[in-house]
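# What follows is a predicted structure for the sequence shown.
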Amino acid sequence: MHLPISDKIELNILHQNSHQAEKNKVKFNNYNLLCLNIMSSPGAGKTRLLEITLEDLSKKFHSAVLEGDMTTNLDAARLEKLNIPVVPITTGRACHLDANMVSGGLKLLEKKINPDSLDILLVENVGNLVCPAEFEIGEHFKVALLSITEGEDKPLKYPIMFREADLILITKVDLLPHLNFDINELKSNIASTNPKADVIEISSITKSGFDLWQDWISKKILKFKNI
Amino acid sequence: MHEVDMTKCLILSMEEWAEKKNKKKIVVEKINLKIGEFTCVEPISLINTFNAAVLGSWLDSSQITIETIPFEGKCSKCNRLYFPKKENGYKSPCCNFNLEEIISGRELKIASIDFKEK
């Protein structure tokens, strides 16, 4: 045996994932396809948001969905009713999507449709406020949902998720009159954690805020495509 | 349990590194990590997961060490560095400004690898 050697490598632990995420992003860019990573805790309203969003969005843009779920295809089945390409990704025991899973999902999508014909790919991540925040998938923007039933303190308790988000959608705001909930405190906590994030209040029941959300997506697509 | 997936990434990175060193001729003694306080990683969970994952493998005798990197922000009003606290909404104690710039604490790094040649 020789004396110990110390090799200073300064390599990101998630290098393998980041490397694949970069490859995914190159593919999205080559397809001229904007990719959004939609994240939240379970039950914040991601799938319902997509159902309503895609009804209108599909009139203007060609859309597809990669639908992450731990054990079922229930959410994917809901979205398939909208007649858009949907690829379910069942993660098994993993509580988030990683770049390899999304790469696999993209390959399946390529068998269904030529992604060149698409404008936007919405990736619904697994419901979880912790893990998805650290795993890049090659997305252009991260969108985090937070429903008001979860409490005002969540941006402080799960700061990485809300720090990483480009847009935060405060969902279920139709319930405000029925809850002892301080939306200004929530907004203050979001601003503390991520002062640069866009914030939109939204309700899937009254559809309030959907015009702003659709406008946000449209602007991102048009800017991405240099239109 | 994202520590499982982080461990998977860590082992793959170690494999990639070892291939360049001629894996059969080295023994890894320590993998020295730098983990920021403002990450989703619980150091003890990462160590336990790693120890379980490498049982019986070429990394079986390797040990993980973790240097915790403090979470430090910079006040965007007066440029002073400070340690953001959840209790204070991560605001700067000097000017009560929101956390805009993070100086450190987001690290998830393999800093160095201590190994011996057989």
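Structure's in. What do you need? Numbering: from 1, shown residues only, chains lettered A, B, ... in the order given.

# Remind me which helix or strand the spatially most central residue of chain B belongs to.
The centre of chain B sits closest to B:Ile35, judged by C-alpha atoms, centre = their mean, with a distance of 2.7 Å. B:Ile35 is part of strand B:26-36, with elements assigned from DSSP states H and E.

# quick one: the strands in chain B?
Under the criterion DSSP state E, chain B carries strands at the ranges B:26-36, B:63-69, B:72-74, B:81-82, B:101-104, B:108-117.

# Could I get the ones you listed in a markdown table, plus columns for distance to A:Leu11?
Just so you know, the C-beta spots here come from the backbone N, C-alpha and C atoms, and that holds for glycine as well. Output for these, formatted as a markdown table (distance: least, C-beta to C-beta, whole Å):
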| stretch | distance to A:Leu11 |
| --- | --- |
| strand B:26-36 | 10 |
| strand B:63-69 | 15 |
| strand B:72-74 | 22 |
| strand B:81-82 | 26 |
| strand B:101-104 | 17 |
| strand B:108-117 | 5 |
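
# Please name whichever of those strands is nearest to chain A.
Go through the strands of chain B one by one with C-beta to the nearest C-beta and the one that ends up closest to chain A is strand B:108-117, at 4.4 Å.

# partners of the strand holding B:Ile35, with directions?
According to DSSP bridges, strand B:26-36 forms sheet pairs with strand B:63-69 (parallel), strand B:108-117 (antiparallel).

# ok now the last one, how far from the chain's centre?
Centre-to-centre, strand B:108-117 and its host chain are 12 Å apart (C-alpha atoms, centre = their mean, to the nearest Å).

# In that strand, which residues are buried?
By 16 or more other C-beta atoms under 10 Å in any protein chain shown, the buried positions in strand B:108-117 come out as B:Leu108, B:Lys109, B:Ile110, B:Ala111, B:Ser112, B:Ile113, B:Asp114, B:Phe115.

# Any idea how many residues pack against B:Ala18?
Here the count is done by other C-beta atoms under 10 Å in any protein chain shown, and B:Ala18 has 18 residues near it.

# Kindly confirm whether my reading is correct that it touches B:Lys25.
No. Because the distance of 9.7 Å does not satisfy C-beta atoms under 8 Å, B:Ala18 is recorded as not touching B:Lys25.

# now the helices for chain A?
Counting by DSSP state H, chain A forms helices over residues A:15-30, A:46-60, A:74-80, A:99-112, A:154-157, A:159-164, A:183-193, A:210-224, given from the N-terminal end onward.

# Tell me which of the ones you listed sits most buried.
Most buried of those, by mean neighbour count (mean count of other C-beta atoms under 10 Å in any protein chain shown): helix A:159-164, with a mean of 22.

# got the CA coordinates for that one in PDB?
As requested, C-alpha coordinates have been extracted for helix A:159-164 and formatted as PDB (Å, rounded to 0.1, in the frame of the first residue of the first chain):
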ATOM      1  CA  PRO A 159     -37.800  27.300   1.400                       C
ATOM      2  CA  ILE A 160     -35.800  25.500  -1.400                       C
ATOM      3  CA  MET A 161     -38.900  24.700  -3.300                       C
ATOM      4  CA  PHE A 162     -40.200  28.300  -3.200                       C
ATOM      5  CA  ARG A 163     -36.700  29.800  -3.700                       C
ATOM      6  CA  GLU A 164     -36.200  27.800  -6.900                       C
END
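
# centre of the chain versus that helix, how much separation?
Helix A:159-164 has its C-alpha centroid displaced from the chain centroid by 13 Å (C-alpha atoms, centre = their mean).

# mind showing which ranges of chain A have poor pLDDT?
A:1, A:227 (pLDDT under 70).

# Contact residues of it facing chain B?
Proximity of chain A to chain B, by C-beta under 8 Å from any C-beta of the partner chain, involves residues A:1-17, A:93-96, A:98, A:130-131, A:133-135, A:156-157, A:159-160, A:163, A:188-189, A:191-193, A:195-196.

# sorry, back to before: out of the strands paired with strand B:26-36, which is closest to A:Lys60?
Set against A:Lys60 and scored by C-beta to C-beta, those come closest in strand B:108-117, at 38.8 Å.

# which residues are in contact with that closest one?
A:1-14, A:134, B:6, B:10, B:13-14, B:17, B:21, B:25-36, B:39, B:41, B:67 (C-beta atoms under 8 Å, 6 or more residues apart in numbering or on different chains).
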